[in-house]
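Chemist: test case, fold it:
(2 chains)
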There are 2 protein chains.
Amino acid sequence: MGDSMGLGFLLVQLGRLMAVRTVGHNQATMNGLREKVLTLDTMNACVKRVEYAVRGPIVLRALELEQELSQGVKKPFTEVIRANIGDAHAMGQKPITFLRQVLALCVHPDLQNSPDFPEDAKRKARSILQACGGHSLGAYSNSSGIQPIREHVAQYIQRRDGGIPADPNNIFLSTGASDAIVTVLKLLVAGEGRCRTGVLIPIPQYPLYSAALAELDAVQVDYYLDEDRAWALDVAELRRALCQARGHCLPRVLCIINPGNPTGQVQTRECIEAVIRFAFEERLFLMADEVRAGARGRGGGPARAPALTPAPARPQVYQDNVYAEGSQFHSFKKVLMEMGPPYSTQQELASFHSISKGYMGECGLRGGYMEVVNMDPAVQQQMQKLVSVRLCPPLPGQVALDVVVSPPEPSDPSFAQFQAEKQEVLAQLAAKAKLTEQVFNEAPGIRCNPVQGAMYSFPRIQLPPRAVRRAKELGQAPDMFFCLRLLEETGICVVPGCGFGQREGTYHFRMTILPAAEKLRPLLEKLSQFHAKFTREYS
Amino acid sequence: MGDSMGLGFLLVQLGRLMAVRTVGHNQATMNGLREKVLTLDTMNACVKRVEYAVRGPIVLRALELEQELSQGVKKPFTEVIRANIGDAHAMGQKPITFLRQVLALCVHPDLQNSPDFPEDAKRKARSILQACGGHSLGAYSNSSGIQPIREHVAQYIQRRDGGIPADPNNIFLSTGASDAIVTVLKLLVAGEGRCRTGVLIPIPQYPLYSAALAELDAVQVDYYLDEDRAWALDVAELRRALCQARGHCLPRVLCIINPGNPTGQVQTRECIEAVIRFAFEERLFLMADEVRAGARGRGGGPARAPALTPAPARPQVYQDNVYAEGSQFHSFKKVLMEMGPPYSTQQELASFHSISKGYMGECGLRGGYMEVVNMDPAVQQQMQKLVSVRLCPPLPGQVALDVVVSPPEPSDPSFAQFQAEKQEVLAQLAAKAKLTEQVFNEAPGIRCNPVQGAMYSFPRIQLPPRAVRRAKELGQAPDMFFCLRLLEETGICVVPGCGFGQREGTYHFRMTILPAAEKLRPLLEKLSQFHAKFTREYS
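Modeler: Coordinates of the predicted model:
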């Protein structure tokens, strides 16, 4: 028996067992009974762990409700209001005329003969097509984008940052910002077990980060924003998260979202400096998601007056998606460069931008760019190679980006209209940000931090203990339970805080401030009233 | 001493060492000397292994040469000819007018008032915008694409496949085809060590596959196409590859590229049936890359006459990118469905299509779609979730796809021009395919299989032993050496066979057949002459 239990014997037995299984499997096959090759059990477990609340179950339910409404099913509301996603045009915001004129001219160059298009749009379209293969948007571009557009982006950054130069070779155009963020994370993820790359992300966060980290099997390291101080970022909290993480992974990356998503706060310059110093000392690669910083025009206006100064009488000039008085957007790149060596010469930084979230709101065109600073040239080559596998970002998105970074000059025929349209969008966003904060803070049990920038509010809601218990019985997060009920009873679609992360025992939802002005107030009031009713119902 | 060498002691010593290293590191930091966080040594090793020849060193060198030429540097040629990539518009192919009219109308709806646009283009644009959020291409679409376009794709497939139905819920629009291919591979990659997913791919292959597999850390399993039989796919060879792979991985996926890339062959119906039977028996998920099958118009023409029948006198109607007489494109979906159960009801299949490679050649818009068949519904949900993280495919690409799958009807004002433009492109491609084969086969030491479909030739070249030795001294693959020399001396940019894979000791290059007719013949002759000169030089 001793020998018969040896390795050889076991292998033979194993072989027999497997042969039996194979026969069984083949018979099953012949009988038409067989398992799929690809099932929940056999698929990539990392993909299975991915969660993406912004388009999760609540959005699927919203879709169903829309279909039911269109089939004439009676509901307590007549339309679903998608306040779940920062989709400006879907909410009725009009595209910037000049941007679409240039794009139409690029798509259909015969329009060069049309008297309905201004000269500067025609000129811009010609110069873009000049740089395209075969002078067509149908040709691939270089993988990092059309060269003159990269140069325009670099010039734009330089203007934004008060003259600090940007190198076009460090600019990579992308398919929206998500694409570029995932590309950089991909480069950074390495190691096994306790040496696996850890990535610090803010909580609450935009769930692209948690989704990408799950897919890449990297270690998500949470640091909490301070809700009591308007979602401020605190270096002590970064340090706590880092120290704790070092026990089980190798933290190498620090992600910052500024302006915040979903939280809408804008970081102070002092905070950015402290974060950069921290990243430098702790040897962390910095990723600055500045997607929601919007985009300034050429020249721009003066810096915003601090909060205590009376507001100026002349119409306010909005430089970007930053509304709150006293708040001003500072790019990480600018602050880093102004800090001087060793930071400016050594700290690795990638920052991300998009055409989806500024005054132009061109989400559907999928355009964006990233700038890398102090990246190891050999790694940058590797990144170049990696993006080349996907060939190139979509050219219409590149065209739109070009308009954003090199808009009409004051002497151009389209300048006045361009500025007027842009200011109109920004002024409306500012008004809506204020209105949102105001209406929510008037409601008992809802507390909303100032929406300083971007296009989201992330109010905190109190939920009665009985509602929390009921949600748990249903296997739902309490704010998911609240948001689903809100959707069913009012048609308002917002994303529960659990989809972004939040401190244990606190509950939130994210709502865009994008609905048209005349819709927003009733929407906010309806939402507040529903919360009051819900609270009564479960008290 | 015994005790002092125990585990505790070692840990203490280790701690001390690490403390010293940390201090050393901090001092280095203070002195301004420190390593980057992200270096070749610390980056994702899988990304480092990615290779992508189509945009590799030879293309970078081509870029440099173009810059040198534009700076007035003297070269033995006046322009770089990019025959390395299937980029039709870059090679001078004109966009299809109707497609661009519809796109311009979608981008800039004011054009609805223009008398220069035909009614059917206006109608189509209106119906597309009707399905967009806020009636704008600037809104996000559903992650799987605009619903009516998915329905048009399903109807198109149904027509293509002689009435076999397609379900719009199984259609996922994508950012070019690469995006969708990588998405499906991502789902399929699982397991560790000998259980790691193996993916069978043809050699030669389009290097997206090897690149994606390297990045996903899946096991690439090569099966060789038979060059002597016009790159035919042989099930015996599939079986050999599979059996060999089973020793070290878990093969779960079989990728087919039809028409071939880089090899340009079109598979026979018999071959497709045999492949499906093989995949079914061996429990392999089938991925059919039919990107280069082009796109037929509504109705199309009769099936091509077999090779032995005399060619019809009336102008040939090209249904797709398949030129060779006797060759006809069969979709895997159609053959699978016609094989009946258990194949049609159980074999899992994903097939991939693109707007980059048909008669429209709209690479820069990044549009495409995939259809999945017999996919586990739970997995399909997971896929839906995964694509939602990237929000949506670019809307201009979706619009272009819509035109391709639902082109003008015979009764529409744009029908005649649309058909004429399409037939013109296809007729030219057919002529260029024939010319390529002919000129290359007249050259000693070059042998070119028929270019039956797609837009590439992949001729085999003989290289003298001394050239092979010289290449090895330089650390280059012999055909890379050849192609680099070709580029430097003639400005012709083609991709060496080593970038696609080939049988040991054989050498090839891939060249598109896309250059304009008047340029193609001199190009082919110049290339043949260079090969003759190169051969003499190294004999």
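
Chemist: next up, the contacts around the spatially most central residue of chain A.
Modeler: For chain A, A:Y206 is the residue whose C-alpha lies nearest the centre (C-alpha atoms, centre = their mean; 5.8 Å). Going by C-beta atoms under 8 Å, 6 or more residues apart in numbering or on different chains, A:Y206 touches A:V54, A:I257, A:N261, A:P262, A:D289, A:F500. C-beta coordinates here come from the backbone N, C-alpha and C atoms, glycine included.

Chemist: what's the answer for A:R82, then?
Modeler: Here A:R82 is in contact with A:V59, A:A62, A:A90, A:M91, A:C493, B:G133 (C-beta under 8 Å, 6+ apart).

Chemist: and these, which is closest to A:R536?
Modeler: A:C493 (22.9 Å; C-beta to C-beta).

Chemist: now for that closest one, how many residues are close by?
Modeler: 23 (other C-beta atoms under 10 Å in any protein chain shown).

Chemist: with A:Q384 instead?
Modeler: The local packing of A:Q384 (other C-beta under 10 Å) involves 16 other residues.

Chemist: restricted to strands, list the contacts of A:Y206.
Modeler: Using DSSP state E, the subset of those located in strands is A:I257, A:D289.

Chemist: most surrounded residue in the contacts of A:Y206?
Modeler: Ranking the contacts of A:Y206 using other C-beta under 10 Å puts A:D289 first, with 30 neighbours.

Chemist: show me what it is bridged to.
Modeler: A:I257, A:F352 (DSSP bridges).

Chemist: look up how far chain B lies from it.
Modeler: Distance, A:D289 to chain B, by C-beta to the nearest C-beta, to the nearest Å: 15 Å.

Chemist: I figured that residue hits A:P259, correct?
Modeler: No. If you go by C-beta atoms under 8 Å, A:D289 and A:P259 don't touch, sitting 9.4 Å apart.

Chemist: buried residues, stretch A:64-82. List them.
Modeler: For stretch A:64-82, the neighbour count (16 or more other C-beta atoms under 10 Å in any protein chain shown) marks A:L65, A:L69, A:V80, A:I81, A:R82 as buried.

Chemist: which pair in those has the greatest spatial separation?
Modeler: A:L69 and A:R82 (13.0 Å).

Chemist: okay, A:T175 and B:G497: tell me how far apart.
Modeler: Plainly put, A:T175 is 30 Å away from B:G497 if you go by C-beta to C-beta, to the nearest Å.

Chemist: quick one: which of the buried residues of stretch A:64-82 is nearest chain B?
Modeler: A:R82 (7.8 Å; C-beta to the nearest C-beta).

Chemist: so how far is B:V219 from that closest one?
Modeler: A:R82 is 43 Å from B:V219, by C-beta to C-beta.

Chemist: what's the mean pLDDT across stretch A:527-537?
Modeler: For stretch A:527-537, mean pLDDT is 94.

Chemist: now stretch A:395-411
Modeler: The pLDDT scores in stretch A:395-411 average 96.

Chemist: what's the neighbour count on A:E237?
Modeler: Neighbourhood size, A:E237 [other C-beta under 10 Å]: 17.

Chemist: would you mark the buried spots in the helix or strand hosting it?
Modeler: A:E237 belongs to helix A:235-246 when elements are defined using DSSP states H and E. Residues of helix A:235-246 classed as buried: A:E237, A:L238, A:A241, A:L242, A:A245 (neighbour count, 16+ other C-beta under 10 Å).

Chemist: which helices and strands does the longest helix along chain A pack with?
Modeler: When chain A is parsed with DSSP state H, its longest helix is helix A:415-442. Applying 3 or more C-beta pairs under 8 Å, 6 or more residues apart in numbering or on different chains; DSSP states H and E, one finds that helix A:415-442 contacts helix A:97-107, strand A:446-447, strand A:456-457, helix A:517-537.

Chemist: would the first one count as contacting chain B?
Modeler: Yes. Contact between helix A:97-107 and chain B, assessed by C-beta under 8 Å from any C-beta of the partner chain, occurs at A:R100, A:Q101, A:L103, A:A104, A:V107.

Chemist: how about the contacts made by A:E442?
Modeler: Contacts of A:E442 (C-beta under 8 Å, 6+ apart): A:S528.

Chemist: the strand or helix carrying A:M337 - what's its average pLDDT?
Modeler: Assessed by DSSP H and E, A:M337 sits inside helix A:332-338. In this model, helix A:332-338 carries a mean pLDDT of 96.

Chemist: hmm, the next helix or strand after that helix touching chain B?
Modeler: Past helix A:332-338, further along toward the C-terminus, the next helix or strand under DSSP H and E is helix A:343-346. Yes. Helix A:343-346 reaches chain B (C-beta under 8 Å from any C-beta) through A:T345, A:Q346.

Chemist: ok, back up a step: check the gap between the residue nearest to the centre of chain A and B:K186 for me.
Modeler: Distance of A:Y206 to B:K186, computed by C-beta to C-beta: 21 Å.

Chemist: any low-confidence regions in chain A?
Modeler: A:1-33, A:53-55, A:294-326, A:453-454 (pLDDT under 70).
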